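**Q** Kindly generate the corresponding structure for this input.
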Amino acid sequence: MTDSRLKHKKIAVRETDDIKFIPYTRHVDDTLVALEDGSLMRMYRVDGRPFETSDVGDLNTWHNKLNIAWRSIGDDRVALWTHLVRTATDPVLGGDFHSDFARTLQEKYADTLKEKVLYHNEFYVTIIVRPSSMAGEQVTRLFSRRKANAEIDDRALTIMADKCRDFETLLADVVPEPLS
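**A** Numbers count the residues shown, from 1 in each chain. Purely as a prediction, here's the structure:
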């Protein structure tokens, strides 16, 4: 076998296994993941908003909606994480131009864009619901890992369903799409 991985076997043996840093235990359903500490996690891809070109009134309305959404989702057991993934992109400008002026302008603009690195932004929101906990249970959880087949907290499932429904409803403008 001439697999390229075998060429670097000595290096691969020294590498730390990344599974130690990934706290996923199993999928509860298509879009819900159970974590090692018993928490539940669901991740959404959301569309961005063009703040720079939006009307001030639209921005204020959006901020108010966002504040209402965060307050209604907020809970001691709920954590929200936002992620921004920036990917370099090559802008492709299309179009058929009948006038020489428009064609020349488009070509010069395309040449200008090629000199710069442009990025495409993707936004993600992660909702995590921690399991219900007793006082002594928190200390125990700090020093031990849960078993992979441990039961899912029914109350946490209910809270996750409620919070995700609220998130999807209140932030429908940004088209939240659950990841699987």
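
**Q** Pro178 bridge partners, please.
**A** Beta-bridge partners for Pro178, by DSSP bridges, are Tyr44.

**Q** hang on, I meant Asn121
**A** Counting by DSSP bridges, Asn121 is bridged to Arg86.

**Q** tell me the contacts of it?
**A** Neighbour list for Asn121: Gly48, Leu84, Val85, Arg86 [criterion: C-beta atoms under 8 Å, 6 or more residues apart in numbering]. For glycine as for every other residue, the C-beta is placed from the backbone atoms N, C-alpha and C.

**Q** Count residues in the vicinity of Asp173, would you?
**A** Neighbour count of Asp173, defined by other C-beta atoms under 10 Å: 13.

**Q** swap in Leu171?
**A** Neighbourhood size, Leu171 [other C-beta under 10 Å]: 19.

**Q** Kindly provide the distance from Asp162 to Ile127.
**A** Distance, Asp162 to Ile127, by C-beta to C-beta, to the nearest Å: 11 Å.

**Q** still on that earlier bit, closest one of the contacts of Asn121 to Thr31?
**A** Comparing these against Thr31 with C-beta to C-beta places Val85 closest, at 18.6 Å.
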